[in-house]
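S.K.: build me a model:
(chains A and B)
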2 protein chains.
Amino acid sequence: MARVVVDVMMKPEILDPQGQAVQRALPRLGFEGIADVRQGKRFELELEGPVDDAALARVREMAETFLANTVIEDFTVRVEEREEAAV
Amino acid sequence: MARVVVDVMMKPEILDPQGQAVQRALPRLGFEGIADVRQGKRFELELEGPVDDAALARVREMAETFLANTVIEDFTVRVEEREEAAV
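M.R.: Predicted coordinates for the structure are as follows:
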């Protein structure tokens, strides 16, 4: 089973109030030196079958029609190699 | 300015209702062959100054205390090379 990751982020020109809220909270919590924060969504899709061009095209279509609102959001699709689990 | 990405996902053993809702909607929308969907958060932090070990340690502390709820969520921290803008 292969994992495909879809990252969905607000377009750079769109105001991101969630990211701004995080950014504004950081100095209060003692974290300085963060110039900007953007918050978005990450979808991990486990695909049955091979991740070939057709499968990726389907995921891209899915992201475009359903996972992202492409009026205000950009998305990226990528195959994720199995990584070390962090934390 | 360097970008550090913090991905926050529900731990595998924790129920993810958002991901389930997406997964259940997919067949209705004509997308078959997706065995599982998990939805999480992606934070893009623009750091002032160099991304050295100290900066990454700070980001990790930030993620642990603030961006993720480590009781139910895992997080990963990584430096992102400037990529091609997708979509």
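
S.K.: please make it C-alpha for all contacts and neighbour counts, starting now.
M.R.: Will do.

S.K.: can you list the residues that contact the lengthiest helix in chain A?
M.R.: With residue count as the measure and DSSP state H as the assignment, chain A has helix A:17-28 as its longest helix. For helix A:17-28, contacts defined as Cα atoms under 8 Å, 6 or more residues apart in numbering or on different chains pick out A:32, A:34-39, B:43.

S.K.: give me the distance from stretch A:50-61 to the chain's centre.
M.R.: In terms of Cα atoms, centre = their mean, to the nearest Å, the centre of stretch A:50-61 is set 17 Å apart from its chain centre.

S.K.: how about that stretch, which residues are buried there?
M.R.: Within stretch A:50-61, the residues that qualify as buried by neighbour count (16 or more other Cα atoms under 10 Å in any protein chain shown) are A:51, A:55-56, A:59-60.

S.K.: farthest pair in those?
M.R.: A:Val51 and A:Arg60 (12.2 Å; Cα to Cα).

S.K.: what residues does chain A put near chain B?
M.R.: Residues of chain A lying close to chain B (Cα under 8 Å from any Cα of the partner chain) are A:7, A:19, A:31, A:33-49, A:58, A:62, A:74-76, A:86-87.

S.K.: list only buried entries from those.
M.R.: In the residues of chain A next to chain B, the ones that pass as buried (16+ other Cα under 10 Å) are A:7, A:19, A:34, A:36-47, A:62, A:74-76.

S.K.: so where is chain A shaky, pLDDT-wise?
M.R.: Low-confidence segments of chain A (pLDDT under 70): A:82-87.

S.K.: biggest strand in it, by residue count?
M.R.: The single longest strand within chain A, with elements called by DSSP state E, is strand A:34-47.

S.K.: which elements pack onto the host helix or strand of A:Met62?
M.R.: A:Met62 is part of helix A:53-62, with elements assigned from DSSP states H and E. Using 3 or more Cα pairs under 8 Å, 6 or more residues apart in numbering or on different chains; DSSP states H and E as the contact criterion, the secondary-structure elements in contact with helix A:53-62 are strand A:73-80.

S.K.: within its sheet, name the partner strands of the strand it packs on and how each one runs.
M.R.: Next to strand A:73-80 in the sheet, as set by DSSP bridges, lie strand A:2-10 (antiparallel).

S.K.: give me the buried positions along the strand it pairs with.
M.R.: Within strand A:2-10, judged by 16+ other Cα under 10 Å, the buried ones are A:2-10.
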